[in-house]
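**Q** need a structure here:
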Amino acid sequence: MLKTILYIAIGGAIGSVLRYLTSVFVNKYWANHFPLATFITNVLGCFLIGLLIGILEKNNLANSNLKWFLITGICGGYTTFSTFGFENYTLFQNNNSLLAFGYITLSVLLGIFAVWLGLFVSK
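**A** A predicted model of the protein is given here:
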């Protein structure tokens, strides 16, 4: 278990740095009210998790330490939105559309509410 945590921690550090660098790069060339850096990070993270899971499954590595490093570590450190996207994709694939739409709606609405509540409580 300690070895797995180490793979996740190293991957998470890499993903977090990549997230920061994405923001620095995008914000250097984009000055607008739309949060393009976050948008790009979320979409790119979703693409990466799909690509990496596909490659890992194709090569019978879906239950390997490489999965912990790449998916949970790097993708998780880069953006948890990628996991959110993959979980919803899986729900749709398993014919749980109602559950997927509920998860999407509640996550977005309660997430925004939780940010507001946190800011309200901190004042």
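
**Q** what residue is smack in the middle of this protein?
**A** The residue lying closest to the centre of the chain (C-alpha atoms, centre = their mean) is residue 80, at 2.5 Å.

**Q** how about that residue, what does it touch?
**A** By C-beta atoms under 8 Å, 6 or more residues apart in numbering, the contact list for residue 80 is empty. From N, CA and C alone the C-beta is placed, and that goes for glycine too.

**Q** Next, it: phi, psi?
**A** Backbone torsions for residue 80, taken as degrees, to the nearest 10, come to phi -80, psi -10.

**Q** and residue 60, which of the three is it?
**A** Using DSSP: H, G, I helix; E, B strand; the rest coil, the structure places residue 60 in coil.

**Q** how near is it to residue 67?
**A** Distance, residue 60 to residue 67, using C-beta to C-beta, to the nearest Å: 11 Å.

**Q** who has more neighbours, those two?
**A** Neighbour totals were compared for residue 60 and residue 67, and residue 67 leads with 18 against 8 (other C-beta atoms under 10 Å).

**Q** Can you check which helix is longest in the chain?
**A** helix 2-29 (DSSP state H).

**Q** ok, and for it, which residues are buried?
**A** 7, 8, 11, 12, 14, 15, 16, 18, 19, 22, 23, 26 (16 or more other C-beta atoms under 10 Å).
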